[in-house]
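> Need coordinates for the below:
(chains A, B, C, D, E and F)
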Protein chains: 6
Amino acid sequence: MKTIKGPAIFLAQFLTDQSPYNNLGDICKWAYSLGYKGVQIPSWDKRCLDLQLAAESKTYADEINGIVTEAGLEITELCSHLQGQLVAVHLALDSNFDNFSPAGLHGKPKEKAEWATQQLKYAAKASKNLGLKAHGTFSGNLMWHTVYPWPQRVKGSVDEGFKELAKRWLPILNAFDEAGVDLCYEIHPGEDLHDGITFERFLKETGNHKRAKILYDPSHFVLQQLNYLDYIDIYHSYIKMFHVKDAEFNPTGKSGVYGGYQDWIDRPGRFRSTGDGQVNFKSIFSKLAQYDYEGWAVLEWECCLKNSLDGAKEGAEFIKKHIIKVADRAFDDFAG
Amino acid sequence: MKTIKGPAIFLAQFLTDQSPYNNLGDICKWAYSLGYKGVQIPSWDKRCLDLQLAAESKTYADEINGIVTEAGLEITELCSHLQGQLVAVHLALDSNFDNFSPAGLHGKPKEKAEWATQQLKYAAKASKNLGLKAHGTFSGNLMWHTVYPWPQRVKGSVDEGFKELAKRWLPILNAFDEAGVDLCYEIHPGEDLHDGITFERFLKETGNHKRAKILYDPSHFVLQQLNYLDYIDIYHSYIKMFHVKDAEFNPTGKSGVYGGYQDWIDRPGRFRSTGDGQVNFKSIFSKLAQYDYEGWAVLEWECCLKNSLDGAKEGAEFIKKHIIKVADRAFDDFAG
Amino acid sequence: MKTIKGPAIFLAQFLTDQSPYNNLGDICKWAYSLGYKGVQIPSWDKRCLDLQLAAESKTYADEINGIVTEAGLEITELCSHLQGQLVAVHLALDSNFDNFSPAGLHGKPKEKAEWATQQLKYAAKASKNLGLKAHGTFSGNLMWHTVYPWPQRVKGSVDEGFKELAKRWLPILNAFDEAGVDLCYEIHPGEDLHDGITFERFLKETGNHKRAKILYDPSHFVLQQLNYLDYIDIYHSYIKMFHVKDAEFNPTGKSGVYGGYQDWIDRPGRFRSTGDGQVNFKSIFSKLAQYDYEGWAVLEWECCLKNSLDGAKEGAEFIKKHIIKVADRAFDDFAG
Amino acid sequence: MKTIKGPAIFLAQFLTDQSPYNNLGDICKWAYSLGYKGVQIPSWDKRCLDLQLAAESKTYADEINGIVTEAGLEITELCSHLQGQLVAVHLALDSNFDNFSPAGLHGKPKEKAEWATQQLKYAAKASKNLGLKAHGTFSGNLMWHTVYPWPQRVKGSVDEGFKELAKRWLPILNAFDEAGVDLCYEIHPGEDLHDGITFERFLKETGNHKRAKILYDPSHFVLQQLNYLDYIDIYHSYIKMFHVKDAEFNPTGKSGVYGGYQDWIDRPGRFRSTGDGQVNFKSIFSKLAQYDYEGWAVLEWECCLKNSLDGAKEGAEFIKKHIIKVADRAFDDFAG
Amino acid sequence: MKTIKGPAIFLAQFLTDQSPYNNLGDICKWAYSLGYKGVQIPSWDKRCLDLQLAAESKTYADEINGIVTEAGLEITELCSHLQGQLVAVHLALDSNFDNFSPAGLHGKPKEKAEWATQQLKYAAKASKNLGLKAHGTFSGNLMWHTVYPWPQRVKGSVDEGFKELAKRWLPILNAFDEAGVDLCYEIHPGEDLHDGITFERFLKETGNHKRAKILYDPSHFVLQQLNYLDYIDIYHSYIKMFHVKDAEFNPTGKSGVYGGYQDWIDRPGRFRSTGDGQVNFKSIFSKLAQYDYEGWAVLEWECCLKNSLDGAKEGAEFIKKHIIKVADRAFDDFAG
Amino acid sequence: MKTIKGPAIFLAQFLTDQSPYNNLGDICKWAYSLGYKGVQIPSWDKRCLDLQLAAESKTYADEINGIVTEAGLEITELCSHLQGQLVAVHLALDSNFDNFSPAGLHGKPKEKAEWATQQLKYAAKASKNLGLKAHGTFSGNLMWHTVYPWPQRVKGSVDEGFKELAKRWLPILNAFDEAGVDLCYEIHPGEDLHDGITFERFLKETGNHKRAKILYDPSHFVLQQLNYLDYIDIYHSYIKMFHVKDAEFNPTGKSGVYGGYQDWIDRPGRFRSTGDGQVNFKSIFSKLAQYDYEGWAVLEWECCLKNSLDGAKEGAEFIKKHIIKVADRAFDDFAG
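Numbering: from 1, shown residues only, chains lettered A, B, ... in the order given. The predicted model follows:
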């Protein structure tokens, strides 16, 4: 049996323009002071690293690793959610995602997708240079606007959608394979890969590509009422990354899953600071231990109520408390 | 106290090109034979009536009523879901809804909306000519493509959306007010009015228009996990139409509310023949009786498994059994 | 194993001044026409019988039985809820119950109690004369005004209360013993005997009187959230009468068990027509069959919504469907 | 989509020595009179047929079919639970099962197993002669006495057990394959094949034998608290027979699953007449329809309370009501 | 957003005649040592303060504040439950409440009510002198003895009761308004204001008096099975005080809500030390944060099992852990 | 009221051949360092003590007590599960339990039982010499192989089984009575005493022997879905020992209670480190406090995932946190 690594923290939501949250070294020291052992790095944020440079220069990658190591931490993985999103966007919704790309590409769908593809290839190489084994991203969304089947979908449109999605991702998956890195899709509403079924269809269209894996984040399953514990039983062999993020869903007589266009704080489904929501992390950590998950437990933090610094601090303690140091021998069930 | 009227049946899903399902007179006789007392008529289906004519000719309206009466039934209400939908469609998704309009208007968003608005005005007058008190429709969807807040919505876009929605509907609401008919929006995923919150926002933007009402169909609340019983407690004064339609939601480790782009039969949330799903109709009929709902209980039928004729037959019995003939005196709680 | 008798109907709530509900013979014929096999008779209602006369004249009792038999029915039991209530009333609340006694006694607590005691003694003899084996009543309430312990109860007051209650009832219990009839207290909020604990305390104070038994009515347990199935497991040997009466409890954010002084229709806990509430009668009938209950299943009907005639009609069918005709041999569990 | 066949009835528990329950023709007429369309026949009961003869003589088989047909019914399948049990019995418990074999074999484990194996081979041929497609049986139990792992099991003993079990069944499975008949194991506590896991292990040891299938009976899953609905999702492709049998499980503070050596009527888990238990048959019939199960729905009846004739009568109505006549076209989800 | 203030402690149940629990200064120091930041003071307990003097002398009020401040704490609010109770008592139950008034008034209902009214007016002025913004009390109970509607209530009696209740409280509410202090009724069984419905009726009878507010204590809602979370959604704008008090409700087959006249330790509903009961405080603190509650979280402690000093100590930690320091910026939902 | 003693730890699963876990003195010091106050000693493990010697020599017993006391602890009780098991084993399963006896007795059922009986008698005397009040053991299993009633049990076999069981245990119970020590049977699947019913039947057969008591371990009730809280309500007067051991039961569509012969880690029911399972210890400790349990709370630890040293450490904290130091006075429910 294997013991999960952690606690680690995803830096994306903590980076600001104030010290110590405005550069990699300082934010790592802050994270260390809270008890973290690893950091997950958003590859789009220059305050952390220059992705292209990390892909092209082993020396630079070593420097980045050095900064993190000096703070007492490890890099757990890189992430490329914003770029991954742009690999596949339906034309109808293209403008909604302009902000994720360089200003020069706004309004140019094709160029945005090409830019994003290149970014992902850099991410593969950068991960390799940094000595990492997994990478987190989003799948993009060619079909999400049809997620509720009204009006009825055109026959065959879903098959075509997955084929196109696989076509766009296969070169990237191959790049990750060359780099020896697993490409983990965060399963997330708004993305074409938003549940187990869609992951399976995508996987099949990629020819069961051996690098197509899952970033498991139960908060997104709470918000769609998917059974996130059974999910682990079914898909554990694909789970190579893990976000410790909490959420709650409290439907009322006024609103349900769709949320009535309300702000996060007013929606029945909303993200909460770790431990403040409904996710049964005790069972999740048990299942991941049972299935020999050997990656990291990485805090991802968003809460509509609590301040982020308490969230980061409590998150380190929460994860530490939940990691099961596994037994080195089977228990001796002699009796009672 | 008042006793709900029924059973009635919405004809939309039963009309075909075979006798007796291919003209109003015959299908009414078939419905009567099953025990129905009323029919709800889709205003877009020429096999039932010519909407414009019914709006413009009291004589024609009387003839329609005559056909129904002769079969032993009453018209409960007209419906205009397809036309209502076209009153407001976001440009990005416009082509998805082309089929709801005359072929000549396909690809012409503005013309479609104008056509739809006219249709609704006809519906108001036709309802008046037919002696009806309520009318059912859809709100259309200017914002639905942003229902999951990823990427984040532009600040103010929801406010603007509802203002625009109200602007388009106000002339229609006024037409219905002139006709003395309540305009009941079916609260439905895919439409901007998909829960209580969105109905409230819309209502407010219409200046609490006295004809803006609700067509209550619990099946759509099961599929979004909204509490459909509390809904009645909150909104009962707006409920002027009622669809008896069943549904079930059985999430798994593979799929949840969003359904993974699967067909209806494979989705965790799906419609079922009346009585075969999870809707607690016993409590619904109790609440409607308690709140003196005096409209009709109208079967709407869609099932991914059962054949429609059994559905229609069982539906009549089901509704009949559930209607509570209310007491004419309070019970005398003397004891035990 | 024994098969429960039924369906029967408690006449109290159906007697009116209109035919056929205004005399014993006619109302019995009406009950028979609905499928009932027995009637339970309120001993305070002269439209059914003269209690004193039935106690004093075997001939009169035979005539009463004759009227019922002629209609095709049996008398299941007599009831004396109103008189039993008056056996024990706390002085502070005495005026609330004046209506249950002859006008001349209003405002005279002691005389009312004496009158009530005499009534119960008549009921014992009348039951004997009618050939009955059980009788239903209320315990009265010396302590109910202290049911919520605010302010704190005076030490010892509960012990004293039960002693006084037993003292009042012992002569009556003895009269029933002489008559060979079980005296069954309906366990009911508002009465001192309102749950299992209070029945046990009373029973103990009567020296475990062999005629002190229970009239089981699950509706009153729903309204106090007592586990009415476990209740049968614990007290089945005392249950000698059974009211088939339904209820529901739907607490909200506005009101709970205490109901906020609202009318029945608005209270979270309320009585419903048989089958329309939450009582799990399937399990109740199973348990009573398992424990060889050999008495009657008697509809008691109160509903805040439905008309009483539907209630009576559906009740007969409901009870008939729920009575388990028990096996005459154990099943042969050979396999599969 | 396909419509389940039924209602049918398993004759085993209804055969007695009194007319009309004492010979195949008469009992079939009785079954027909209740509304059944098929009978499932216990192959060990001479009142129904002579198994060896039916295997060896097509003429005799035709006569048997003729008797059933004449009564207006079909044979759904043969069953061999008692003989199947004897194919594999652990020596320690051998004497417990003597009664299932001819008297001359009692106390002779090896001979009993050989006799049982021959019986099963006859069953294969008899099924073929009768034109049947499936056959129901038990797996026997080499390991059941170790089902609770106290004391700890010897390492490897489970592997060996399944190997031995498969070794005994493979010749029989081959015989069924020759006959073109599926061999369906009823998954049942007390048998080595008592859940999904054990079926999978057995299947694997048989080299995924194409005739190794499942007789699905949810009552046995209620009694072990296995999720019988998920079971269908996982194993539906193996389910070729279906027993409609009800059960309930009501654990208390005194007893749980193991039942404390009590009689059936007192156990927390017990069988009940169809509709009187806790099995969610509405969902079972929905799932079987969804997965295109095309076999029979066969009442198996055991109840610790109700008489069997009511059970048979109500069972026919129950199954009839639950069979979903499937749609011949997908519903037209135009709207609301 | 606003952060709830606390932890604070209600002193009533901790005051004794032993040091340090026998005078305001010492008990405040003890509370401070446990981590409390505020104390809520029972205005009837001379060990804390002289209410009349605090109303009449700003100097004295300043001294009281000085004692508390010196101990490192603040006064959160004064309370007058005992006096508030006496403002309105039904005659039938008057003697039960004698102990709450000075000995000379026992048995004199009218004088007791006048005394109580004066006490409340003092409480208003004392609160003003102490610089407080809210005050906690009980409504009294004119109708509680009729809370279970048996016998049926006299028509109109509830309306009259609320009118009388409002009439008694209006002068007091006006006094509080002059003092600029909210008068918060603790919603509590035994009081006329025992749920949301009764608060609404009272509020209406006071002409929606702007000082009529709520002291929210979820323990009293657990014991009547009212939904205490929905309660916040509905009434949050009225909640100006908050008791952190825990409770549990475990009904059995022997007893339910009414409790069978048992002692607290044996009742299905009973109070428990904070964190030992069933109240979902995580959700309560979340909702209060969401609705910008800006008052104090005050421990009120009663437990039928645990010693009070552990209760006080654990309570401080419990409240501290549950207070959500709210975010100063909305989270940046960029991704994952 | 009384406060439970603890935390204590059962040494059986922690003894190894490595220091400090290989002798009583050192393992006690280790336990003390974790916060334990008592140790429960497996009487079969020579690393702890020589049972016969402790029975025969008060001096030796004092030395043992001295070793424990010196480490800062007390002995809570001795246990004899392995020997108790051998007092009664059905012949069919005899070989499975050979390992619990000295090698020379393997294969000799009668001699094993005699040896075991002698061991238990030593345990009684040793407990007396050590000044202990209770002793824990297993009942053995004469009937467990028939726990699932397939095939049907022979009439009368259960009665005979309990008679035989009582016959074997009566001399031992008498020996414990002479020693003034309660003999507590751990209620456990696999043993004849596995629930409340079987304990009751055994107790009755022993003539309600005053030393026949219960070792309460809720983990074994979780695994058989027995209501372990109601169990305390029913049997609290017999509970004289208490194992704090956790477990979980998560049935799936593949497996239920019986577990499919899987290893512990894969079974739906499995033991977990204290606090990691589903046992509601908060309610258990409340009930034991309510019923004045005055024995020890002893950690028993088995977990299929976590390492044992974390288990022991967390267990001490867990028990300490859950022990309720009871109140020395009833709370003063003055108000709110």
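> Work out which residue lies at the spatial centre of chain A.
residue A:186 (4.4 Å; CA atoms, centre = their mean).
> isn't that residue right up against residue A:215?
Yes: under the criterion of CB atoms under 8 Å, residue A:186 makes contact with residue A:215 at 4.1 Å. The C-beta positions use only the backbone N, C-alpha and C, and glycine is treated the same way.
> Find residues that contact each of these two.
Residues touching both residue A:186 and residue A:215 (CB atoms under 8 Å, 6 or more residues apart in numbering or on different chains) are A:136, A:137, A:241, A:243, E:336.
> could you redo the residues you listed as a markdown table and give each row pLDDT?
As requested, those are exported to a markdown table (pLDDT from 0 to 100):
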| residue | pLDDT |
| --- | --- |
| A:136 | 98 |
| A:137 | 98 |
| A:241 | 98 |
| A:243 | 98 |
| E:336 | 45 |
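> which two in those are spaced the farthest apart?
Farthest-apart pair in the shared contacts of residue A:186 and residue A:215 is A:137 and A:243; separation 12.6 Å (CB to CB).
> who touches both of the two?
The contact sets of residue A:137 and residue A:243 overlap at A:186, A:215 (CB under 8 Å, 6+ apart).
> Compare neighbour counts for those two and give me the winner.
The neighbour count for residue A:137 versus residue A:243, taken as other CB atoms under 10 Å in any protein chain shown, is higher for residue A:137 (31 against 22).
> just checking, residue A:201 is part of a helix?
Yes: counting by DSSP: H, G, I helix; E, B strand; the rest coil, residue A:201 is part of a helix.
> Going along the chain, name the helices of the stretch 151-300 of chain A.
Per DSSP state H, counting those that start in this stretch, the stretch 151-300 of chain A carries helices over the ranges A:157-179, A:196-205, A:219-222, A:228-235, A:281-290.
> I'd like to know which elements the shortest one is packed against.
Same thing as helix A:219-222. Here helix A:219-222 touches helix A:228-235, strand A:246-249, going by 3 or more CB pairs under 8 Å, 6 or more residues apart in numbering or on different chains; DSSP states H and E.
> ok, back up a step: Serialize the helices of the stretch 151-300 of chain A to CSV and add fields for distance to residue D:44.
Formatted as CSV, these follow (distance: least, CB to CB, whole Å):
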stretch, distance to residue D:44
helix A:157-179, 52
helix A:196-205, 45
helix A:219-222, 50
helix A:228-235, 40
helix A:281-290, 44
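> per-residue confidence at the closest residue to chain D within the stretch 51-200 of chain A?
Closest residue of the stretch 51-200 of chain A to chain D, CB to the nearest CB: residue A:152 (5.8 Å). Note for residue A:152: predicted pLDDT of 90.
> show me the residues around residue A:253 that make contact.
Residue A:253 touches B:196, B:226, B:227, B:228, B:229, B:230, B:231, B:232, B:233, B:234, B:235, counting by CB under 8 Å, 6+ apart.
> Can you tell me how far the fourth one is from chain E?
Distance, residue B:228 to chain E, by CB to the nearest CB, to the nearest Å: 16 Å.
> Quick check, that residue in contact with residue B:279.
Yes: look at residue B:228 against residue B:279 with CB under 8 Å: they come within range, at 7.3 Å.
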